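K.L.:
give the three-dimensional model of this entry:
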Amino acid sequence: MSMNEIESKVRELRQLQALIEEAEQEAEAIKDAIKAHMGDSEELRAGEYKITWKAVTASRLDTAALRKALPDVAAAFTKTTTTRRFCVA
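P.N.:
Numbering: from 1, shown residues only. As a prediction, the model looks like this:
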């Protein structure tokens with residue numbers, strides 16, 4: 001690919017990313033409106049659609065506290081990975 005083609009692709013990528021971001025913001029606004037209508041209800045039926053908005057409880061490991069309290073154990077179970085990050089600036 002030539003530099004002009006790459007520049008064109010990057011421009012197209014940025015435009016698509018802007019459209020995606022705008023669509024995501026619109027989707028969030030719609031979700032917020034539905035949630036506001038639901039109030040404290042966990043379930044709502046609208047025609048063929050069933051909407052649920054339930055509390056979910058999750059347990060996560062506090063790695064910072066583990067490193068502080070038991071640094072040897074934390075080090076023994078720490079896994080390092082390497083990935084490549086794609087970024088257009």
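
K.L.:
report the distance from stretch 28-41 to the chain centre.
P.N.:
When C-alpha coordinates are averaged (C-alpha atoms, centre = their mean, to the nearest Å), stretch 28-41 and its chain have centres 19 Å apart.

K.L.:
what's in contact with that stretch?
P.N.:
Leu44, Ile51, Trp53 (C-beta atoms under 8 Å, 6 or more residues apart in numbering). (Glycine included, C-beta is placed from N, CA and C.)

K.L.:
could you list which of those residues belong to strands?
P.N.:
The members of those that map onto strands under DSSP state E are Leu44, Ile51.

K.L.:
turn the contacts of stretch 28-41 into CSV, including neighbour count, pLDDT and distance to Asn4.
P.N.:
Output for the contacts of stretch 28-41, formatted as CSV (neighbours: other C-beta atoms under 10 Å; pLDDT from 0 to 100; distance: C-beta to C-beta, whole Å):
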residue, neighbour count, pLDDT, distance to Asn4
Leu44, 15, 96, 52
Ile51, 15, 97, 48
Trp53, 14, 97, 49
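
K.L.:
I'd like the contacts of stretch 28-41 written out as CSV, with distance to Ala65 added.
P.N.:
Shown next, in CSV, are the contacts of stretch 28-41 (distance: C-beta to C-beta, whole Å):
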residue, distance to Ala65
Leu44, 39
Ile51, 37
Trp53, 31
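
K.L.:
can you list phi and psi of the residue nearest the centre of the chain for me?
P.N.:
Geometric centre of the chain, nearest residue: Glu24, 10.8 Å, by C-alpha atoms, centre = their mean. When read as degrees, to the nearest 10, the backbone of Glu24 gives phi -60, psi -40.

K.L.:
now do the same for it: its pLDDT.
P.N.:
Looking at Glu24, its pLDDT reads 98.
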